[in-house]
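Undergrad: Next comes the sequence, and after it the predicted model I'd like to discuss.
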Amino acid sequence: MSDVKTLTDKIIKFRNERDWEQFHNPKDVAISLVLEAGELLEHFQWKTKEEVDNHIKNNRIEISEEVADILYWILLISHDLGIDPIKSLEKKLEKNAKKYPVKKAKGNHTKYDKL
């Protein structure tokens, strides 16, 4: 599996070869990220658990392409804003571990401020 820097470098090369940086301001990149997340969501909307399970089996490639599109935009905006997505995730996990201690949150979907 490629590391984050290698993937980001490939994305930047892809973008630069097409002279698309001019279109990639943070607002539009964030919009693109949300649009791709919506396309992923369409695979599951209005389906029962059984339908979802069957859909995943029959559409894994298409679903994986939507996941790839989402990752593309996450890595691109992270690069453009100077954010290390791995460090950001690690910090967020630490923060969430404090907000959702295992003793209170295990098996419980209640928001942290209601635990």
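TA: Yep, that arrived. Residues are numbered from 1 along each chain as shown.

Undergrad: ok, residue 76 - contacts?
TA: Residues counted as contacts of residue 76 (CB atoms under 8 Å, 6 or more residues apart in numbering) are 8, 11, 12, 15, 24, 29. To be clear about C-beta, it is placed using only N, CA and C from the backbone, and glycine gets the same treatment.

Undergrad: where do the helices sit along the chain?
TA: For the chain, applying DSSP state H gives helices covering 4-17, 26-42, 49-81, 85-99, 102-105.

Undergrad: Buried only: go through the contacts of residue 76 for me.
TA: Buried members of these, counted by 16 or more other CB atoms under 10 Å: 8, 11, 15, 24, 29.

Undergrad: With mean pLDDT added, can I get the helices of the chain in JSON lines?
TA: Output for these, formatted as JSON lines (pLDDT from 0 to 100):
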{"stretch": "helix 4-17", "mean pLDDT": "98"}
{"stretch": "helix 26-42", "mean pLDDT": "98"}
{"stretch": "helix 49-81", "mean pLDDT": "98"}
{"stretch": "helix 85-99", "mean pLDDT": "96"}
{"stretch": "helix 102-105", "mean pLDDT": "92"}
